[in-house]
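In: The sequence and its predicted three-dimensional model are supplied below.
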Amino acid sequence: MLTSVAIVEDNRDFRTTLKNFVDEAPGYRCVLACDTAEEALKAIPRALPDVVLMDIHLPNMSGVACTRRLKEICPSVRILILTVYEDNERIFGALRAGASGYLLKRAEPGEIIRAINEVRLGGAPMSSQIASRVVESFHENPRALPEEQKLSPREEEILEELSKGYTTKEIASRFSISANTVHTHMQHIYDKLHVRSKTEAILKFLG
């Protein structure tokens, strides 16, 4: 089964490079490559790719605004930000707009393909530099949640590991608990925060 990918990138050379990365990876195919947000908003809802690679700095409408609009039009499409920007405002702006992950353009081709797969499976991959910023914000700006939404210390630890990009298996190993126990904690986190995904949980907790 092929994973279909759309690319939204205004730099022609980098757009071509990304397309080649995707098409050369077994099981992946680039079905669409756009150079503006406006073109993407017309073409992506028709193509309905599994994953969109989205640049932030686009002419006219930004990638963040395009992400927000795309998620309104076709909520099932998963969007992975791929950009040179690593400041907090852009990171959280993109995630709040509905992006499922955030990678820097200097990521290796293999890392990009792994991130596409993780996003398709419901994960929230981030470059290590981005994950560090998320964790720093997590520590500096803890959210004052209503009593019924407060997380236990273990749930907070698991949410912090999720924000770093660790998988369920890796978290289970780090805390010497079973993967089923991690899943149970994650379900409690989702229930308490009234969210449905890891990214939503992280953003809700960070405020």
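Out: Structure received. Numbers count the residues shown, from 1 in each chain.

In: Helices of this protein, start to end?
Out: Secondary structure of the chain, counting by DSSP state H: helices at 12-24, 37-47, 63-73, 88-97, 109-120, 128-140, 153-163, 168-175, 179-193, 198-206.

In: ok, of those, where does mean pLDDT dip lowest?
Out: In terms of mean pLDDT, the lowest-scoring of those is helix 128-140 (a mean of 62).

In: Can you say which of the helices of the chain is nearest to Ala6?
Out: helix 37-47 (5.4 Å; CB to CB). Backbone N, C-alpha and C define where each C-beta goes, glycine included.

In: For that closest one, buried residues please.
Out: Under the neighbour-count criterion of 16 or more other CB atoms under 10 Å, helix 37-47 has Ala37, Ala40, Leu41, Ala43, Ile44 buried.

In: same thing with stretch 182-202?
Out: Neighbour-count burial for stretch 182-202 flags 182, 185-186, 189-190, 192-193, 195, 198-202 (criterion: 16+ other CB under 10 Å).

In: Next, the distance between the ends of it.
Out: In terms of CA to CA, to the nearest Å, the two terminal residues of stretch 182-202 are separated by 16 Å.

In: bridging residues for the residue nearest in space to the middle of the chain?
Out: In the chain, the centroid-proximal residue (CA atoms, centre = their mean) is Gly101; its distance is 1.5 Å. With DSSP bridges as the criterion, Gly101 is bridged to Leu80.

In: How much space separates it from Leu32?
Out: Separation of Gly101 from Leu32 (CB to CB, to the nearest Å): 19 Å.

In: And for Arg196?
Out: Distance, Arg196 to Leu32, using CB to CB: 27 Å.

In: Same check on Leu70?
Out: 12 Å.

In: For the two, indicate the residue with more neighbours.
Out: Neighbours were counted for Leu70 and for Leu32 using other CB atoms under 10 Å; Leu70 has more, 25 against 19.

In: residues touching the closest residue to Lys105 other than its chain neighbours, list them.
Out: The shortest distance from Lys105 to any non-neighbouring residue, by CB to CB, 6 or more residues apart in numbering, is to Val84 (5.2 Å). Going by CB atoms under 8 Å, 6 or more residues apart in numbering, Val84 touches His57, Leu104, Lys105, Arg106.

In: Weed out the non-buried ones from the residues you listed.
Out: Of these, these count as buried by 16+ other CB under 10 Å: Leu104, Lys105.

In: Can you tell me which of the contacts of Val84 is nearest Glu24?
Out: Lowest distance from Glu24 to the contacts of Val84 (CB to CB) belongs to Lys105, with 17.9 Å.

In: give me phi/psi at the closest one?
Out: Torsion angles at Lys105 (phi, psi; degrees, to the nearest 10) stand at phi -60, psi -20.

In: That one contacts Thr83, correct?
Out: Yes. With contact defined as CB atoms under 8 Å, Lys105 counts as touching Thr83 (6.2 Å).

In: which neighbours do these two share?
Out: Between them, Lys105 and Thr83 share no contacting residue, judged by CB under 8 Å, 6+ apart.

In: Which of the buried residues of stretch 182-202 sits closest to Glu118?
Out: Checking these against Glu118 by CB to CB gives Lys198 as the nearest, at 10.5 Å.
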